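A.B. asks: Need a 3D model of the sequence below.
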Amino acid sequence: MTKTQVLVIGLEPNLVDFSTMPDMNAEKVRAGLEADQAKLAALGYEAELCLTDLGDTAADAVARKLAEKPFNCVVIGAGIRTIPAYFLLFEQLLNVVHRAAPGARICFNTKPSDTAEAVQRWA
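C.D. replies: Next up, the predicted model:
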């Protein structure tokens, strides 16, 4: 049985300015992503992380990752979607996913630790 392939797109936590989010930091974000990646594996999914920069090479990095193999589901992380400074990056990455993986389900988490729930809604 082939596992559902999931790509989780997010910002490299070490690049994010957490000054407006006092309860978050790079270590917490990374730990949440890794824990949810393990949770997805336990649920029978094969999940890969694609952590990008703040925009200079993000679209190219996501396009390269999507070209590696077919993904059934793509998660675009809350950090890209909810931080106003990254709104244009979100639009850009959404269009990259649309072009490169038109058959993939797209879902959104609300924090680094609820990615599995987002995937289960759609994959």
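
A.B. asks: helices and strands around the lengthiest helix in the chain, which ones?
C.D. replies: Using DSSP state H, we find that the single longest helix of the chain is helix 26-42. Here helix 26-42 touches strand 4-11, strand 45-52, helix 115-122, going by 3 or more CB pairs under 8 Å, 6 or more residues apart in numbering; DSSP states H and E. In this view, the C-beta of every residue, glycine as well, is placed from N, C-alpha and C.

A.B. asks: Stretch 80-93: which residues count as buried?
C.D. replies: Residues of stretch 80-93 classed as buried: 80-81, 83, 86, 89-90, 92-93 (neighbour count, 16 or more other CB atoms under 10 Å).

A.B. asks: Could I get the buried residue list for stretch 99-107?
C.D. replies: Those would be 100-101, 104-105, 107, for stretch 99-107 by 16+ other CB under 10 Å.

A.B. asks: okay, it in PDB with CA atoms only?
C.D. replies: The C-alpha coordinates for stretch 99-107 follow below in PDB (Å, rounded to 0.1, in the frame of the first residue of the first chain):
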ATOM      1  CA  ARG A  99       0.900  25.000 -11.000                       C
ATOM      2  CA  ALA A 100       3.300  22.300  -9.900                       C
ATOM      3  CA  ALA A 101       0.800  20.000  -8.100                       C
ATOM      4  CA  PRO A 102      -2.600  20.700  -9.500                       C
ATOM      5  CA  GLY A 103      -4.000  17.400  -8.200                       C
ATOM      6  CA  ALA A 104      -2.800  17.800  -4.600                       C
ATOM      7  CA  ARG A 105      -5.200  18.700  -1.900                       C
ATOM      8  CA  ILE A 106      -4.200  21.900  -0.100                       C
ATOM      9  CA  CYS A 107      -4.700  22.400   3.600                       C
END
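
A.B. asks: tell me the mean pLDDT over that stretch?
C.D. replies: Rounded to a whole number, the mean pLDDT of stretch 99-107 is 97.

A.B. asks: which residues are in contact with it?
C.D. replies: 7, 62-63, 66-67, 70-76, 94, 97, 118-119, 121-123 (CB atoms under 8 Å, 6 or more residues apart in numbering).
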